[in-house]
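Quick one, fold the following:
(one chain, ligands or ions: 2)
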Amino acid sequence: MKKIRIAIQKSGRLNEDSLQILKDCGISVDNGKDQLKASSRNFPLEVFYLRNGDIPQYLRDGVVDIAIIGENVLIEKGNDISIVERLGFSKCKVSLAIPKSVKYKSVQDFQGKRIATSYPNTVEKYLETKGVKAELHIINGSVEIAPNIGLADAICDIVSSGSTLFKNNLKEVEVMLTSEAVLAVSPKITPENKDLLEKIRFRIQSVLLARQ
Ligand code: PRP
Ligand code: MG
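Ligands and ions are numbered 1, 2, ... in the order given. Take a look at the predicted model:
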């Protein structure tokens, strides 16, 4: 039997909640600590455990049919990929932050400043709408350290509890977007797998209703 292929985050904040929602949908899969691929025992579904940032490209190429992913990642790297369900977990913001000690007036303050970020497209678009031009330094993790080591004047990253900003003596000054986990679909999904997707969506909708 044909299986639908779903990508979920290999490790990190979305991993556990993504597996949990599948479980609540009655789809059991092993967690992917040691393997990159797992099959469900009771639903025609294969799980691929992938790096967040790689998931949009896998969807685009049709290597996976669907994915549970942070909307923020799609906004950054997968504007062309459709979202079919909002999942209500992994809520966060993507924000600009500066050192606590620096006075802030408006977004114009970012003019000509160096911003460290893993979200260059998101920042660039945001600043463009405000008529601000900044210098971006792309880093893949631990972005909040950049101002402390003199690499940047500001950062743009995910803010969830705010504790990473706090620990690094930074303050949030602009919220560029809010995000949550979503179910995204490959433009190349086959009609057969679309039927499986509809079954999963139906179950997800019931789970989300019950969670309210
Ligand atoms: C993420 C993100 C922020 C932090 C936000 O980093 O990049 O740094 O979480 O969460 P908070 O507001 O609750 O502190 P993560 O710990 O996943 O590591 P990474 O940046 O090295 O990928
Ligand atoms: Mg971080």
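
Ser118 is in contact with Cys137, correct?
No Cys there; residue 137 is His. No - look at His137 against Ser118 with CB atoms under 8 Å: they stay out of range, at 10.3 Å. For every residue, glycine as well, the C-beta is placed using N, CA and C.

So which of these two has more stuff around it?
Taking neighbours as other CB atoms under 10 Å, His137 and Ser118 compare with Ser118 leading, 22 against 15.

Any figure for the gap between the more buried one and ligand 1?
7 Å (CB to the nearest ligand atom, to the nearest Å).

what about the closest residue to Pro56 other than its chain neighbours, how many neighbours?
Among residues not flanking Pro56 along the chain, Gly78 sits closest, at 3.1 Å (CB to CB, 6 or more residues apart in numbering). As a burial measure, Gly78 scores 21 neighbours (other CB under 10 Å).

Which strands or helices does the helix ranked longest in the chain pack on?
Counting residues, the longest helix found in the chain (DSSP state H) is helix 191-211. On a contact count with 3 or more CB pairs under 8 Å, 6 or more residues apart in numbering; DSSP states H and E, helix 191-211 meets strand 4-9, helix 13-24, strand 82-86, strand 181-185.

let's see it at 7 Å
Packed against helix 191-211, as judged by 3 or more CB pairs under 7 Å, 6 or more residues apart in numbering; DSSP states H and E, are the following elements: strand 4-9, helix 13-24, strand 82-86.

for the longest strand anywhere in the chain, the distance to its chain's centre please.
Assignment by DSSP state E gives strand 170-179 as the longest strand of the chain. Centroid separation for strand 170-179 versus its chain: 15 Å, with CA atoms, centre = their mean, to the nearest Å.

again with stretch 145-159
That offset, for stretch 145-159, works out to 20 Å (CA atoms, centre = their mean).

do it and ligand 1 meet?
Yes - judged by CB under 6 Å from any ligand atom, stretch 145-159 comes into contact with ligand 1 at Asp157, Ile158, Val159.

now the last one: how far from Ile27?
Here the criterion is CB to CB, to the nearest Å. By it, Val159 lies 31 Å from Ile27.

repeat for Lys77
In terms of CB to CB, Lys77 sits 27 Å off from Ile27.

Next: Asp157.
Using CB to CB, Asp157 is found at 32 Å from Ile27.

more neighbours, the two?
Per other CB under 10 Å, whichever of Asp157 and Ile27 has more neighbours is Asp157, with 26 against 20.

wait, is that one part of a strand?
Yes - assessed by DSSP: H, G, I helix; E, B strand; the rest coil, Asp157 belongs to a strand.

what number of residues lie near the nearest residue in space to it that is not next to it in sequence?
Leaving aside its chain neighbours, Asp157 sits nearest to Val143 (4.5 Å; criterion: CB to CB, 6+ apart). Around Val143 sit 25 other residues, with neighbours defined as other CB under 10 Å.
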